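**Student:** Build me a structure from this.
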Amino acid sequence: MRILLLGKNGQLGWELQRSLAPLGELISLDSASRELCGDLSNLKGIKQTIQKTEPNVIVNAAAYTAVDKAENEPELAQILNAEAPKILAQGAKEQNARLIHYSTDYVYNGSGSQPYVETDTADPLNHYGKTKLEGDENILTSGCSHLIFRTSWIYSTFGNNFIKTILYLAQNRDKLTIVNDQIGSPTSAELIADITAYALFTVKHKPEISGLFNLTAKGYISWYEFAKFILEYVEERNLPLKIHSSDIDSTSSVEFPLPAKRPLNSRLNTNKLGNTFQISLPAWQVGVSRILTEILYNKKL
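**Tutor:** Numbering: from 1, shown residues only. Sure thing, here's the model as predicted:
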């Protein structure tokens, strides 16, 4: 199996290099790659890369993910999140390859309190979500064999994310206020990468499997509760902090406005994924605790 991985140096791409390597020949690219084009903004170059490498599987871990910045850079977000996936889908169909793509909870408007299922109507609140939804639709209607994993609140030991931000602020600020009305599932890039590898192994024997699947860790929490969990974990190990879990203030999204509006309800129902691939997803606390242990050990906080 020849696998073409795009976005190798992102949080998810970094983990995918590890999880996909045992499955076959892995060609890993990012936007700075020179011998082959891995820059999603270069649509012609990406098409040529697919033709040259002739992959059996294309894994797209690259995207425009600066949610607030996308409000002021709609054209670039459109190219990376909507037009590039269309090119990838066309290339996958021409090569008779399978396309793996990653989507987001931001395609929903966040109304209600029930977890979204894959058939629920999408209605994004911001430009990032709109471009990601268009990318999903371009793949779904392309006719290529595909797996789209819709996930949320990604973190890892690599790159920038909420966990690292909270740890930094708790060491350098005197006050910390976090929104308490946005609910979702913290999901590690490691988990997503491992599920991706397992799914690819499964579809090798069941090629009829194709479609959109929600993929998050089990359970739901607010950003405020997530921040408290992070600091409580550090406190239990008697590591130094300026701000402690009991010092965090909570606020509403209305009181803490950002350029891009966020969905309040980011809960995703993962029953389809579990039933299709016969897997049980771990609780979000498992992944967060493991990543925190690794971060704290490496940085010696």
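**Student:** Do a quick rundown of the strands in the stretch 51-200 of the chain.
**Tutor:** With DSSP state E, counting those that start in this stretch as the criterion, the stretch 51-200 of the chain has strands at 57-60, 98-104, 145-151, 154-155, 177-179, 183-184, 187-188.
**Student:** So for the fourth one, mean pLDDT?
**Tutor:** Model confidence over strand 154-155, given as mean pLDDT, is 96.
**Student:** Tell me which residues are up against it.
**Tutor:** Outside strand 154-155, the residues that touch it by Cβ atoms under 8 Å, 6 or more residues apart in numbering are 11-12, 161-164, 186-189, 192, 288, 291. The way it works is simple: take the backbone N, C-alpha and C, and place the C-beta from them, glycine included.
**Student:** which ones are touching Gln182?
**Tutor:** Counting by Cβ under 8 Å, 6+ apart, Gln182 touches 110, 222-223, 253, 262-264, 266.
**Student:** Recalculate using a threshold of 10 Å.
**Tutor:** Counting by Cβ atoms under 10 Å, 6 or more residues apart in numbering, Gln182 touches 110, 153, 221-224, 226, 252-253, 256, 262-266.
**Student:** Quick one, grab the pLDDT at it.
**Tutor:** pLDDT at Gln182 comes out at 96.
**Student:** picking up where we left off before, can the strands of the stretch 51-200 of the chain go into TSV with extra columns for distance to Arg18 and mean neighbour count?
**Tutor:** Output for the strands of the stretch 51-200 of the chain, formatted as TSV (distance: least, Cβ to Cβ, whole Å; neighbours: other Cβ atoms under 10 Å):
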stretch	distance to Arg18	mean neighbour count
strand 57-60	13	27
strand 98-104	15	25
strand 145-151	17	23
strand 154-155	16	24
strand 177-179	31	18
strand 183-184	25	22
strand 187-188	13	26
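**Student:** For the ones you listed, could you give me TSV that also reports distance to Asn72?
**Tutor:** Converted to TSV, the strands of the stretch 51-200 of the chain look like this (distance: least, Cβ to Cβ, whole Å):
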stretch	distance to Asn72
strand 57-60	24
strand 98-104	19
strand 145-151	25
strand 154-155	23
strand 177-179	22
strand 183-184	25
strand 187-188	27
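**Student:** For Pro207, which of those strands is the nearest?
**Tutor:** strand 145-151 (7.2 Å; Cβ to Cβ).
**Student:** For the stretch 101-250 of the chain, which segments are assigned as helices?
**Tutor:** 127-140, 162-172, 189-205, 223-236 (DSSP state H, counting those that start in this stretch).
**Student:** Pick the most deeply packed of these.
**Tutor:** helix 127-140 (a mean of 23; mean count of other Cβ atoms under 10 Å).
**Student:** Go ahead and confirm Ser253 touches Ala260.
**Tutor:** No: applying Cβ atoms under 10 Å as the test, Ser253 and Ala260 come out as separate, 11.3 Å apart.
**Student:** So Thr196 sits against Leu273, correct?
**Tutor:** No: counting by Cβ under 10 Å, Thr196 stays clear of Leu273, with 11.3 Å between them.
**Student:** got a pLDDT number for the nearest residue to Gly24 once chain neighbours are set aside?
**Tutor:** Take Gly24 and drop its neighbours on the chain: the residue closest to it by Cβ to Cβ, 6 or more residues apart in numbering is Met1, 3.3 Å away. Looking at Met1, its pLDDT is 92.
**Student:** for Met1, what are its contacts?
**Tutor:** By Cβ under 10 Å, 6+ apart, Met1 lies in contact with 20, 23-26, 55-57, 97-98, 200-201, 204.
**Student:** Take these and write them to JSON lines, including pLDDT and distance to Phe277.
**Tutor:** Formatted as JSON lines, the contacts of Met1 follow (pLDDT from 0 to 100; distance: Cβ to Cβ, whole Å):
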{"residue": "Leu20", "pLDDT": "97", "distance to Phe277": "16"}
{"residue": "Leu23", "pLDDT": "95", "distance to Phe277": "15"}
{"residue": "Gly24", "pLDDT": "93", "distance to Phe277": "19"}
{"residue": "Glu25", "pLDDT": "96", "distance to Phe277": "24"}
{"residue": "Leu26", "pLDDT": "97", "distance to Phe277": "21"}
{"residue": "Pro55", "pLDDT": "97", "distance to Phe277": "22"}
{"residue": "Asn56", "pLDDT": "96", "distance to Phe277": "19"}
{"residue": "Val57", "pLDDT": "97", "distance to Phe277": "16"}
{"residue": "Ala97", "pLDDT": "96", "distance to Phe277": "20"}
{"residue": "Arg98", "pLDDT": "97", "distance to Phe277": "15"}
{"residue": "Leu200", "pLDDT": "95", "distance to Phe277": "11"}
{"residue": "Phe201", "pLDDT": "93", "distance to Phe277": "10"}
{"residue": "Lys204", "pLDDT": "88", "distance to Phe277": "12"}
